[in-house]
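J.: Here is a sequence with its predicted model. Questions after.
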Amino acid sequence: MKESKSWRWPVKKQSILFDTRALGSKMKQLPFMVAVCIIMLLIIYTSTKYQYQQTELDSTFYPFYTFKDSGVDSKSLDSLPRGIIEARSDLELKPLWTTSSSRSKVSDRSSSNLLAMPVGVKQKQNVDTIVQKFLSENFTIILFHYDGNLDGWWDLEWSKKAVHIAAHNQTKWWFAKRFLHPAIVSMYDYIFLWDEDLGVENFHPGRYLDIVRSEGFEISQPALDPNSTGIHHRITVRNRMNIFHRVYEVRGSIKCSDDSEGPPCSGFVEGMAPVFSRAAWHCAWHLIQNDLVHGWGMDMKLGYCAQGDRTEKVGIVDSEYIVHQSIQTLGGASATKVSNHEEAVKRHGVDVRSEIRRQSSIELQKFKERWEQAVKDDESWVDPFSKV
């Protein structure tokens, strides 16, 4: 028995000795492993930092711009040094030469908001009233002349300070898609894309934007006076008791309540007077279909551009409200609204307003079909507002 124990002891001693040597060997390798880990972490950190810096540079030199969207090879600018690349522009007018007085005017006038309107000379007086309100708050003004008439505006003092673009019988959305690219308007905090037939007696742009900023509205519109004509969705009507509202609280033909989470009960503005933040416009511009010029159907989808929860980021401002006069002058007056129906039809060949409405309805159906097809084709897209 003693012999057996004495025999096992050398074996046990030998095993302990072997374990000690193995542990010592591993301990010697530990500094090497630590060094390898540190090197790997440094490589990962350097790579991540480089990627971040590249992203920052890209956002500086290529704001709101992707080569993929443009169809241009991303290497087309490789021959230029990054510091010389100017990917942004604006709508600010520049003098042909500078003097000390013009330099001071330029420095004083740092516009950060934009008003864009389609206009016809028949609405000149109302447009003048609107523009005067916005100029007092240092807005940049761009007018889209759908009647092609520019000469009728030069007698207005502010006209030469505005940007004028003329294209006969084109809509607001046609102009916006072609001349308000996000890279062009990226310097503006807010873009007001308004119709020309709005009464602004009870509207002040400065107070309006104070509310929009304080409530975090990315997409908004001033409420409509209840006496307005052409009210299509009750959520846009002014509530005298509120400063703003997000949800249509009164039940009517459309069943809405405080729990309503989609347009037109919440997360909704109408097309006559939308106001977009810079980020929201970047999204909305891409939503505009190039060939669907009347924009019907877009209002129901604008909430997807709200940069978050549309029930919070989209709102109607009640304290600063407008009157929608619903004066339709693009393409000519409706044959049903002129004294001589036969004369109007003879002059145009057709009832213009009826044809425009018919075309708008066709485009609405096309827009719905494109949305549905896009959702079906993009398997990776997840509807942020779908109810699980």
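T.: On my side now, so go ahead.

J.: Residue nearest the middle of this protein, spatially speaking?
T.: W281 (1.5 Å; CA atoms, centre = their mean).

J.: Could you give me the buried positions within the host helix or strand of that residue?
T.: Here W281 sits within helix 278-287, counting by DSSP states H and E. Within helix 278-287, the residues scored as buried using 16 or more other CB atoms under 10 Å are R278, A280, W281, H282, C283, A284, W285. Using the backbone N, CA and C atoms, a C-beta is placed for each residue, glycine as well.

J.: mind giving me JSON lines with those and columns for distance to V237 and pLDDT?
T.: Formatted as JSON lines, the buried residues of helix 278-287 follow (distance: CB to CB, whole Å; pLDDT from 0 to 100):
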{"residue": "R278", "distance to V237": "28", "pLDDT": "96"}
{"residue": "A280", "distance to V237": "23", "pLDDT": "97"}
{"residue": "W281", "distance to V237": "25", "pLDDT": "97"}
{"residue": "H282", "distance to V237": "29", "pLDDT": "96"}
{"residue": "C283", "distance to V237": "26", "pLDDT": "96"}
{"residue": "A284", "distance to V237": "23", "pLDDT": "97"}
{"residue": "W285", "distance to V237": "28", "pLDDT": "97"}
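
J.: where exactly do the helices run in the stretch 151-300 of the chain?
T.: Using DSSP state H, counting those that start in this stretch, the helices of the stretch 151-300 of the chain run over 172-179, 205-215, 278-287.

J.: what's the closest of the ones you listed to K313?
T.: K313 sits nearest to helix 278-287 of all those, at 8.1 Å, using CB to CB.

J.: for that closest one, packing partners?
T.: Contacts defined by 3 or more CB pairs under 8 Å, 6 or more residues apart in numbering; DSSP states H and E place helix 278-287 against strand 190-193.

J.: Let me know the average pLDDT across the strand it packs on.
T.: For strand 190-193, mean pLDDT is 98.

J.: Stretch 325-343 too?
T.: Stretch 325-343 comes out at a mean pLDDT of 60.

J.: what does stretch 375-388 give?
T.: 88.

J.: which residues are contacting that stretch?
T.: Outside stretch 375-388, the residues within contact range by CB atoms under 8 Å, 6 or more residues apart in numbering are E261, G262, G267, G303, Y304, R310, A374.

J.: Going through the residues you listed, which ones are buried?
T.: G267, G303, Y304, R310.

J.: May I ask which of these comes out lowest in pLDDT?
T.: Where pLDDT dips furthest among those: G267, at 90.

J.: Which residue ranges of the stretch 251-388 of the chain form strands?
T.: Using DSSP state E, counting those that start in this stretch, the strands of the stretch 251-388 of the chain run over 275-277, 314-324.

J.: Direction included, what does the longest one pair against?
T.: Yep, that's strand 314-324 we're talking about. Partner strands and pairing direction for strand 314-324 (DSSP bridges) are strand 198-199 (antiparallel), strand 219-224 (parallel), strand 244-245 (antiparallel).

J.: Same check on the shortest one?
T.: Note on strand 275-277: by DSSP bridges, its sheet partners are strand 190-193 (antiparallel), strand 219-224 (antiparallel).

J.: quick one, which of the strands paired with strand 314-324 is packed in tightest?
T.: Per residue and on average, the most neighbours among these fall to strand 219-224, with a mean of 27 (mean count of other CB atoms under 10 Å).

J.: could you give the angle of it to helix 205-215?
T.: Compare the direction of strand 219-224 with that of helix 205-215 by axes from the mean of the first three to the mean of the last three CA atoms, to 10 degrees and you get 130 degrees.

J.: Alright, that wraps it up for me.
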